[in-house]
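When you get a sec, could you give me coordinates for this:
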Amino acid sequence: MAKKTNKTKIWLIVGGVILVILMLWLVMGYNKLVGLDNTVAESWANVETQYQRRLDLIPNLVNTVEGAVQFEKETQTEIAALRTGVAKAKQALSTATSPEQQQAALAESDAVVSRFQGLNINVENYPQLKATENFLSLQDELAGTENRVAVARKDFNAAIKNYNNAVRKVPTNLIASTFGFERKQSFEADKGAATAPKVEF
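A predicted model of the protein is given here:
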């Protein structure tokens, strides 16, 4: 009888140790997924920050250009439309909550930048514009911001890749499916984005 009791105790201890190990594995896997999910959210916030920065810079550049030169009627119309587009893009970016709304807001922001880059300003016809230090500084800022946007998108896609790998790989996929962690969509460029817009100054 004593041998049976000892065997039962041993099995209970072994079972308890296995249960503790499983619980630790579950907690560590869950915490890893939460950390990766938070990294994705932070990366997306960085993308939005850079888009916002870009949208804030465009009106400054337009005001600088407008103040330095008297534009023909067509250019003034383009500038007015650009200002309206910036305001709409900012509004869309600040109110987007779902991934679809966020993608639409980013597409709207990209459209504004594309329109800005298409603004046909010939600097050689306006030498005072060429000499405007603010204009040159803001041009550099905009170029730097475009680089920041590209880096933020790249970082976001890297975070998505790490997260999706964890969600799909065994054994963390068991934890992910149990707790509702689903694959996330990476940032995708709009159709036609592979063709660089022509900028003429």
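
Identify the residues contacting Gln102.
Taking Cβ atoms under 8 Å, 6 or more residues apart in numbering, we find Gln102 in contact with Trp44, Glu48, Ala96. The way it works is simple: take the backbone N, C-alpha and C, and place the C-beta from them, glycine included.

For it, give its distance to Lys4.
Taken as Cβ to Cβ, to the nearest Å, the spacing of Gln102 relative to Lys4 amounts to 63 Å.

before we move on, what about Leu61?
With distances taken as Cβ to Cβ, Leu61 is found 85 Å from Lys4.

Then Lys32?
Distance, Lys32 to Lys4, by Cβ to Cβ: 42 Å.

Counting neighbours, go ahead and name the busier of these two.
Neighbours per residue, other Cβ atoms under 10 Å: of Lys32 and Lys4, the larger number sits with Lys32, 15 against 8.

so where's the chain uncertain?
Counting by pLDDT under 70, the ranges of the chain that qualify are 1-2, 64-76, 117-135, 189-201.

what ranges do the helices span in it?
With helices called from DSSP state H, the chain shows them at 2-68, 73-95, 99-118, 127-130, 133-168, 172-179.

Number of residues surrounding the closest residue to Lys88 other than its chain neighbours?
In space, Lys88 comes closest to Glu108 once its chain neighbours are excluded; the distance is 6.6 Å by Cβ to Cβ, 6 or more residues apart in numbering. The number of residues packed around Glu108, counting by other Cβ under 10 Å, is 20.

Contacts only, for Asn38.
Contacts for Asn38 were tallied using Cβ under 8 Å, 6+ apart; there are none.

same question, Val149
When contacts are counted by Cβ under 8 Å, 6+ apart, Val149 touches Val47, Gln50, Tyr51, Arg54.

wait, Arg183 sits on Ala166?
No. Using Cβ atoms under 8 Å, Arg183 and Ala166 do not qualify as a contacting pair, with a distance of 10.2 Å.

Those two: which is more packed in?
Set Arg183 next to Ala166 and count neighbours by other Cβ under 10 Å: Ala166 wins out with 19 against 12.

Can you tell me, leaving aside adjacent residues, what's nearest to that one?
With Cβ to Cβ, 6+ apart as the criterion, Ala166 has its nearest non-adjacent residue at 5.0 Å, and that residue is Thr172.
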